[in-house]
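no FASTA, just this:
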Ligand SMILES: N[C@@H](CCC(=O)N[C@@H](CS)C(=O)NCC(=O)O)C(=O)O
């Protein structure tokens, strides 16, 4: 049995949840994978028990059948992509895989990562973990916003960033835009293509809609 530790509202664990959902897989109904919810708000990821599993004190973490521990969202998603579902979201051929990789890294480092830095340097809940430099927050938000026209242009006439199917790059960009909302950056005001992209992705993968897609008993 494999175990996946997640927090369903945090961007990095959501990569894995959305990846599986995009393949039509219900994470809470898998025979060979147990999902364990970790409450970041109450610092469950800082407990001694969790620190033994992941000394980095972050989610997601995945433990494979043989006890191998994967403590990084990219590694977990690469694994899940290969092991579960029919079509890879990492690209259909060697060129597409490289394109998805490039777009994914740009979305991650320029958009999602900068929004996360802004949050870490400004939010009171992170003061214990991060030596906060408040001036860093607006600068990081600025840097994320500066990258958005690149994606606005890439989406001109296209539903997805690479090819005509959803890829992991779309998932990461969506999570970046979604997390930007926490920093008061409206994803609907960054250009028509990004607004359309965000709306389509949000209808499928918002925290609210993914929870709603479950049977009623699971939502209680
Ligand atoms: N490199 C890691 C980073 C994971 C990470 O930063 N996860 C956040 C949630 S999105 C976390 O666990 N934060 C805990 C904290 O801020 O204390 C990955 O991509 O998996």
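Received, thanks. Just so it is clear, the model here is predicted, and its values are computed rather than measured.

Get me the contact residues on the chain for the ligand.
10, 11, 12, 40, 45, 58, 59, 60, 72, 73, 129 (CB under 6 Å from any ligand atom). In short, each C-beta sits where N, CA and C put it, glycine included.

list the contacts for the third one?
Translated: residue 12. 58, 59, 60, 73 (CB atoms under 8 Å, 6 or more residues apart in numbering).

hang on, residue 158 is in a helix, isn't it?
No: counting by DSSP: H, G, I helix; E, B strand; the rest coil, one finds residue 158 to be coil, located in no helix.

Could you chop this protein up by domain?
What automatic domain parsing lists as the domains of the chain is 2-86, 94-204.

related to what we said a few turns ago, show me the contacts of residue 12 that map onto helices.
Of the positions in these, residue 73 sit in helices, assigned by DSSP state H.

Throw together a ChimeraX command that grabs the buried residues out of the residues of the chain next to the ligand.
With 16 or more other CB atoms under 10 Å as the burial test, the buried ones among the residues of the chain next to the ligand are selected in ChimeraX as follows:
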select :10,11,12,40,45,58,59,60,73
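
need the residues of the chain next to the ligand in TSV with pLDDT and distance to residue 4, can you?
Listed next are those as TSV, based on pLDDT from 0 to 100; distance: CB to CB, whole Å:
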residue	pLDDT	distance to residue 4
10	97	13
11	98	16
12	98	12
40	95	15
45	95	14
58	97	14
59	98	9
60	98	6
72	98	13
73	98	11
129	88	23
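
any idea which of the residues of the chain next to the ligand is the one closest to residue 31?
Of all the residues of the chain next to the ligand, residue 31 sits closest to residue 60, with 19.8 Å by CB to CB.

Is the closest residue to the closest one other than its chain neighbours within a helix or a strand, and which one?
Nearest residue to residue 60, sequence neighbours excluded (CB to CB, 6 or more residues apart in numbering): residue 13, at 4.1 Å. Taking DSSP states H and E as the criterion, residue 13 maps to helix 11-22.

Identify the residues contacting the biggest helix by length in the chain?
Ranked by residue count under DSSP H, the longest helix found in the chain is helix 136-154. Applying CB under 8 Å, 6+ apart, the contact partners of helix 136-154 are 103, 106-107, 110-112, 114-115, 117-119, 121-122, 161, 173, 176, 180, 183, 185, 190-194, 197.

Any quick PyMOL command for the buried ones out of those?
To isolate the buried members of these in PyMOL, using 16+ other CB under 10 Å:
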select buried, resi 103+106+107+110+111+112+114+115+117+118+119+121+122+161+173+176+180+183+185+190+191+193+194+197
